[in-house]
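**Q** what's the 3D shape of this:
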Amino acid sequence: MSNSAVIHRTFSVLEAVSASGSASAKTVANRLEIPLPTVYRLLHELEDCNYLVYLKEDKCFELGPKCFELGLSFQQRLVAPHPIRQITDELHRSLGTAAYFAIYRGSDILLTYSSDCEKHPRLRPLRFGFHEAAHATAFGKILLSAMPEAQRTEYLDARGMQVLTPHTIVRRDLLDIHLEEVATRGIAWEHDEFLPRQTCAAVPVRNGTGMQVGAIAVSTPSSKANGRMKVLESTLRQHAGLCSRYLRGGTRREAS
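**A** This next block holds a predicted model:
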């Protein structure tokens with residue numbers, strides 16, 4: 001077996017344990033269709049490196065301290081700066097919507113902060129580090145609209161365009177037309193495409209060179225978005241401007 005295949009199998013075992021919270025060797029072997037002796041060897045190697053721990057009473061494995069250290073390091077490097085979090089919180093309070101801040105990392109856009117409350121909750125699939133379904137999320141469309149055609153094709157071919165609701169755009173020609181409008185207007189709308197009965201909007205955030213480095217977004221029930229499109233857009237653009245001003249190194253001014 002090649003080194004890459006061994007690495008892939010090792011991480012598959014780790015992910016199988018993570019997906020269940022805890023799992024026995026037999027459960028992992030059945031799920032991955034890998035011989036039980038091989039699974040035992042990989043599990044114990046991961047245990048020796050502190051990526052897994054073995055719970056003797058339950059006779060199962062769960063994530064070990066090394067995984068949490070890696071996760072913490074990842075989060076600390078990506079967490080939005082305090083002024084950006086403040087601006088996102090202001091957007092949430094100003095519009096009475098959930099609000100989000102996402103950054104570009106490599107060829108993906110990652111959600112790094114969300115601001116919500118019991119009355120205006122975030123969309124539950126959207127969590128720290130979320131980067132899926134760019135074709136169906138407002139901040140994902142901002143990313144795609146800025147890509148050259150060849151890069152966009154490579155991105156979508158690698159990740160696919162999953163049907164999430166009856167309104168999800170999954171035809172490439174229709175998505176390209178939609179993204180051209182997003183690029184022209186500088187705002188992305190998503191109506192019931194990611195989740196039913198939910199509307200989202202996103203505006204790009206730029207650094208000192210004018211390059212798009214992320215997006216700020218809002219989500220709200222579609223019934224509450226009706227008649228508020230102009231207000232949502234203008235307020236979103238205002239707060240995107242505050243984020244861009246901060247990233248350019250200027251003085252952060254409060255949103256009115």
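**Q** List the strands paired with the host helix or strand of residue 200, with their directions.
**A** Applying DSSP states H and E as the criterion places residue 200 in strand 198-206. If you go by DSSP bridges, strand 198-206 pairs up with strand 188-191 (antiparallel), strand 212-221 (antiparallel).
**Q** To residue 39, which of those lies closest?
**A** Among these, strand 212-221 comes nearest to residue 39, with 40.1 Å by CB to CB. C-beta: built from backbone N, CA, C; applies to glycine.
**Q** how about the following helix or strand past that closest one: buried residues?
**A** Sequence order places helix 222-225 as the next helix or strand after strand 212-221, per DSSP H and E. Neighbour counts over helix 222-225 (16 or more other CB atoms under 10 Å) mark residue 225 as buried.
**Q** Equivalent analysis for stretch 52-64, please.
**A** Of the residues in stretch 52-64, those buried (16+ other CB under 10 Å) are 52-54, 60-64.
**Q** now do stretch 24-41
**A** Under 16+ other CB under 10 Å, the buried positions of stretch 24-41 are 24-25, 27-29, 31-32, 34, 39.
**Q** any idea which of these is closest to residue 164?
**A** Nearest to residue 164 among these, with distances taken as CB to CB, is residue 31, at 25.0 Å.
**Q** tell me which element the closest one is part of?
**A** For residue 31, the host element (DSSP H and E) is helix 25-32.
**Q** Next: residue 158.
**A** helix 149-159.
**Q** Check which residues of that helix are buried.
**A** 152, 155-156, 159.
**Q** Now distance to residue 139 and secondary structure too, for the buried residues of stretch 52-64, in a markdown table please.
**A** Listed next are the buried residues of stretch 52-64 as a markdown table, based on distance: CB to CB, whole Å; DSSP: H, G, I helix; E, B strand; the rest coil:
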| residue | distance to residue 139 | secondary structure |
| --- | --- | --- |
| 52 | 34 | strand |
| 53 | 36 | strand |
| 54 | 40 | strand |
| 60 | 38 | strand |
| 61 | 36 | strand |
| 62 | 33 | strand |
| 63 | 29 | strand |
| 64 | 33 | coil |
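**Q** Of those, which is the nearest to residue 6?
**A** Within these, the smallest distance to residue 6 is 16.7 Å, found for residue 52 (CB to CB).
**Q** ok, the closest one to residue 132 distance?
**A** Residue 52 sits 26 Å away from residue 132 when distances are taken as CB to CB, to the nearest Å.
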